[in-house]
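Asks: structure of the sequence below:
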Amino acid sequence: MNDWARSIKRTGAATAEQAANANVHAYVGIIILLLTCIRLALRSIQGVRAAPTNAPAIVRLAGHSAHVVLYGLLIALPVTGMAAYFLGHDGVGDIHAEVLKTALWTFLAAHIFRALAHHFYWKTSVLRRMTIG
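Replies: Next up, the predicted model:
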């Protein structure tokens, strides 16, 4: 996608390979958006399991807040990417590629760390629930 964007900015055109790669990137983003919406609908219909009671209250609050941010990022990234790619909003593309992408990777790393902390430090079933149900 970066190669495509640079080509478009420099010459106003992209190679067929760059365009194909950019299309794959865009459609994967759309699929992620659709899967996120399906997941949120299922959470709304089926409900969510209660947080483990042996974790401190602040940790449970942080976990809930982190999920809100993660779902927000999983929606904001594809939406800003589509605005940049399909509608040509370059400023939104910069936010998509720099700010939101970095935030998502940071939150994903923190999410994994917290799941491991639940498993090894607080001895909860959170990691097991995340992996095998």
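
Asks: now for the strand or helix carrying L61, which elements pack on it?
Replies: For L61, the host element (DSSP states H and E) is helix 57-87. Helix 57-87 sits against helix 16-46, helix 90-94, helix 101-120, with contacts defined as 3 or more CB pairs under 8 Å, 6 or more residues apart in numbering; DSSP states H and E. Glycine gets a C-beta too; all of them are placed from N, C-alpha and C.

Asks: could those go into TSV alongside mean neighbour count?
Replies: Converted to TSV, these look like this (neighbours: other CB atoms under 10 Å):
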stretch	mean neighbour count
helix 16-46	13
helix 90-94	14
helix 101-120	14
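
Asks: dump the residue contacts of A110.
Replies: A66 (CB atoms under 8 Å, 6 or more residues apart in numbering).

Asks: okay, buried residues for stretch 61-68 please.
Replies: For stretch 61-68, a neighbour-count test (16 or more other CB atoms under 10 Å) marks G63 as buried.

Asks: report the contact partners of the residue nearest to A103 when sequence neighbours are not counted.
Replies: Using CB to CB, 6 or more residues apart in numbering and skipping residues adjacent in sequence, the residue nearest A103 is L73, 5.9 Å away. When contacts are counted by CB under 8 Å, 6+ apart, L73 touches 100, 103-104, 107.

Asks: picking that back up, could you tell me the angle between the helix holding L61 and helix 101-120?
Replies: 150 degrees (axes from the mean of the first three to the mean of the last three CA atoms, to 10 degrees).

Asks: what comes up buried for helix 57-87?
Replies: Residues of helix 57-87 classed as buried: 59, 63, 69-70, 73-74, 76-78, 80-85 (neighbour count, 16+ other CB under 10 Å).
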